[in-house]
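Colleague: after the sequence you'll find the predicted model.
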Amino acid sequence: MEAKAQARFIRISPRKARAVVDLIRRKDIDEALSILRYTPNRAARIVAKVVGSAASNAENNHELRRHRLYVDQVFVDEGPVFKRVRPRARGRRYLIRKPTSHITVVVRERGEG
């Protein structure tokens, strides 16, 4: 049995978020949250919320035991890119891209296939 949580349209670059989620893949829930607590990236706080949500979903919706949960899958997909324009010299424009991310965390209970 597995539980899942998603955070969509998060205003952080997928590349920056992937650097954080690579730290917690295949770790126990408490260990993953400890790693995220002391990781000095902005994405760490966002990912920690999603991991906590997935753990809560597992406990409340699927009646899994928290002390046996681990992060089975975690991945970051690209969301839509907001585009903004800045004026530049000689009437030109400069396009500013504001990327978004979709963060997905799947937790599973240890001891099953």
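Modeller: Good, I have the coordinates. Residues are numbered from 1 along each chain as shown.
Colleague: contacts and neighbour counts: CA atoms only from here.
Modeller: Noted.
Colleague: what lies in contact with whichever strand in the chain runs longest?
Modeller: Counting by DSSP state E, the longest strand found in the chain is strand 69-87. Strand 69-87 has contacts (C-alpha atoms under 8 Å, 6 or more residues apart in numbering) with 8-9, 14, 17-18, 21, 24-29, 32, 51, 55, 93-110.
Colleague: residue farthest from the centroid of the chain?
Modeller: residue 90 (41.4 Å; C-alpha atoms, centre = their mean).
Colleague: confidence score at it?
Modeller: The model reports residue 90 with a pLDDT of 96.
Colleague: in a strand, residue 25, correct?
Modeller: No: in this structure, residue 25 is coil, not part of a strand, as judged by DSSP: H, G, I helix; E, B strand; the rest coil.
Colleague: and it, what does it touch?
Modeller: Residue 25 sits next to 71-74 when contact means C-alpha under 8 Å, 6+ apart.
Colleague: for residue 24, same thing?
Modeller: Residue 24 touches 32, 35-36, 71, counting by C-alpha under 8 Å, 6+ apart.
Colleague: now do residue 102
Modeller: Applying C-alpha under 8 Å, 6+ apart, the residues contacting residue 102 are 6-10, 14, 76-79.
Colleague: again with residue 51
Modeller: Going by C-alpha under 8 Å, 6+ apart, residue 51 touches 5, 29, 33, 71, 105.
Colleague: so which strand or helix has it?
Modeller: helix 42-62 (DSSP states H and E).
Colleague: now that helix: buried residues?
Modeller: Within helix 42-62, the residues scored as buried using 16 or more other C-alpha atoms under 10 Å are 43-58.
Colleague: stretch 73-85 too?
Modeller: 73-79.
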